[in-house]
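J.: Here is a sequence with its predicted model. Questions after.
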Amino acid sequence: MNFSIDKSTISRALSKVQGITGKRTNLSITSDVLINAADNHITIRANDLETVFFGKYEADVTTEGTISINAGKLFEIIREYPDQKIRINEVENRWVEIGRGEVVFNIVTSDWENFPETPLIENVSFIEVDPGELKKALDITSCISYVQDEKRIYVLGVLLEKLDDTGEKKMRVVSTDSRRLHCYDFEYTGEIEFPEGDVLVPKKAFFEIGKFIQGLDGPVSLGIKDNHLIVAKDDESLMIKLLDGEYPDYRGLLNTSVMEPVQTDRSMLMTMMRRMSILTSDDYKSIILQFKDDEITATLTNPEIGESKDTLSISYQGESIEEAFNPRYFIDALKGMETDDITLYIKDAKSPCLIKETDNDKLICLIMAMQVS
């Protein structure tokens, strides 16, 4: 195999697969990319047994062939290579020569026949999504992470569902760790076939989708087929194996008709939460919020550090309600909102707080109350 390719083209492609090839698996070859050169292009594949990347790129191919080479080292070599055109030439005994002239690397490759097979998925019905909207959905749901030994499927995954009851073509992503919940709705065009049961996308795969769509212009294609989510754009695609499990029924938690609305300013509430979070610690994560007489009073007592108090004007004339919350959860929720006119929905000391923009239901965040000591 012998081909030359533009440095920026192959560097951009390899940057997208570093998270896939950097994952530890039972097969060491999953740290490689599979490169095939034929006609006037090359293809690049990465496969960690759960997520598969595929890309096709123009190249000057002198000799056709296939290699499996360490993705991390190849990316570093190409990133630091001085010329804008780089040559990759397979010599003998699985050795590959990268570069020419004064800068040359000789790298041993793996047996490409041991590279994991790419699942064959055909006849996929794709919808089109704005990449900016998809990126925001990823950011909002991915900020709810999980601990390393987490076993609950609904915490490890993000729910993806169609909102058939809206009369519009909308998709919703829902993410939770059982202490908070974020759901975000975005529009799409086209038709998509959903399988029976819940569609659960691994949260860790959302980071790879974020890398995949970064810097893209124009709609991104999404499809679901054979227990995989496929994300595609032009000659690149990402194939993600879905999780097998059920998602809790969360919709009842979003019923605001039994809750008291509290209107306030997003920027001012964000500032309050940031100030209050300064004195939190691993053992003392909660603050007390008291809703009373058009004010929120926030207090924190941390025996390890000290005390703090803050007050914010709101629109509320109901009975006094005192609840405990983690202020960092409010910060994560408020970051995703675009307008300063927001509404909190509260009920009693043991019920969650629901947050959304006053005139927009696209993003809804729910934070569970903590026990007041």
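T.: Okay, I see it.
J.: can you list the weak-confidence ranges in the chain?
T.: Applying pLDDT under 70 to the chain flags the ranges 165-166, 372-373.
J.: Show me how the record splits it into domains.
T.: For the chain, automatic domain parsing gives the domain ranges 2-114, 127-241, 254-367.
J.: who touches Ser145 in this structure?
T.: Taking CB atoms under 8 Å, 6 or more residues apart in numbering as the contact definition, Ser145 lies against 177, 203. Every residue, glycine included, has its C-beta placed from N, CA and C.
J.: quick one: the strands in the stretch 51-200 of the chain?
T.: 51-58, 60-63, 65-70, 85-90, 95-100, 103-108, 127-129, 157-162, 170-176, 180-187, 189-190, 199-202 (DSSP state E, counting those that start in this stretch).
J.: Hmm, Ser178 is touching Val155, no?
T.: Yes: between Ser178 and Val155 there is a contact under CB atoms under 8 Å: 6.6 Å.
J.: More neighbours: those two, which one.
T.: Each of Ser178 and Val155 has its neighbours counted (other CB atoms under 10 Å); Val155 has more, 18 against 12.
J.: Find the residue at the geometric middle of this structure.
T.: Against the mean C-alpha coordinate of the chain, by CA atoms, centre = their mean, the closest residue is Phe206 at 3.0 Å.
J.: That one: which element?
T.: Phe206 belongs to helix 203-213 when assigned by DSSP states H and E.
J.: what's the angle between that helix and strand 157-162?
T.: On the basis of axes from the mean of the first three to the mean of the last three CA atoms, to 10 degrees, helix 203-213 is oriented at 60 degrees to strand 157-162.
J.: Tell me which helix or strand comes right after helix 203-213.
T.: Where DSSP H and E defines the elements, the next helix or strand beyond helix 203-213 is strand 220-225.
J.: by contact count, what packs against that next one?
T.: In terms of contacts (3 or more CB pairs under 8 Å, 6 or more residues apart in numbering; DSSP states H and E), strand 220-225 is packed against strand 127-129, helix 131-142, strand 228-233.
J.: got the domains of the chain as CSV, with distance to Leu120 columns?
T.: Output for these, formatted as CSV (distance: least, CB to CB, whole Å):
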stretch, distance to Leu120
domain 2-114, 11
domain 127-241, 9
domain 254-367, 37
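J.: Can you tell me which of the ones you listed is nearest to Pro248?
T.: Distance to Pro248, taken as CB to CB, is lowest for domain 127-241 among those, at 5.8 Å.
J.: how far is that closest one from where the chain is centred?
T.: 8 Å (CA atoms, centre = their mean, to the nearest Å).
J.: how far out from the middle of the chain is stretch 300-311?
T.: From the chain centre to the centre of stretch 300-311 is a distance of 34 Å (CA atoms, centre = their mean).
J.: Sorry, slip of the keys, the one I care about is stretch 66-85.
T.: The answer for stretch 66-85 is 27 Å, by CA atoms, centre = their mean.
J.: which of the residues in it are buried?
T.: 66-71, 74-75, 77-78, 81 (16 or more other CB atoms under 10 Å).
J.: ok, residues contacting it?
T.: For stretch 66-85, contacts defined as CB under 8 Å, 6+ apart pick out 1, 4-8, 10-11, 14-15, 17-18, 21-22, 29, 31-37, 46, 86, 88, 90, 94, 96, 98-99, 103, 105, 107, 109-112, 114-115.
J.: what about the strands in the stretch 251-373 of the chain?
T.: Using DSSP E, counting those that start in this stretch, strands in the stretch 251-373 of the chain cover 260-265, 287-292, 295-302, 306-313, 321-325, 341-346, 353-357, 360-367.
J.: Can you tell me which of the ones you listed is most buried?
T.: Between those, strand 353-357 has the highest mean count of neighbours, a mean of 22, where neighbours are mean count of other CB atoms under 10 Å.
J.: So in that sheet, which strands flank that strand, and in what orientation?
T.: Paired neighbours of strand 353-357 in the sheet (DSSP bridges): strand 341-346 (antiparallel), strand 360-367 (antiparallel).
J.: between that strand and strand 180-187, how many degrees?
T.: Relative orientation of strand 353-357 versus strand 180-187 (the same axes, to 10 degrees): 30 degrees.
J.: where's strand 353-357 relative to the chain centroid, distance-wise?
T.: With CA atoms, centre = their mean, you get 22 Å for strand 353-357.
J.: CA-only coordinates of it in CSV, if you can.
T.: What follows is strand 353-357 as a C-alpha-only set of coordinates in CSV (Å, rounded to 0.1, in the frame of the first residue of the first chain):
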residue,chain,number,x,y,z
CYS,A,353,-37.8,21.7,41.8
LEU,A,354,-38.5,22.0,38.1
ILE,A,355,-36.8,24.7,36.1
LYS,A,356,-37.5,26.0,32.6
GLU,A,357,-37.6,29.2,30.5
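J.: and that strand with strand 321-325, angle?
T.: Using the same axes, to 10 degrees: strand 353-357 against strand 321-325 is 90 degrees.
J.: Name the nearest residue to Thr339, ignoring sequence neighbours.
T.: Counting by CB to CB, 6 or more residues apart in numbering, Thr339 lies nearest to Glu357, which is 5.2 Å off, once chain neighbours are set aside.
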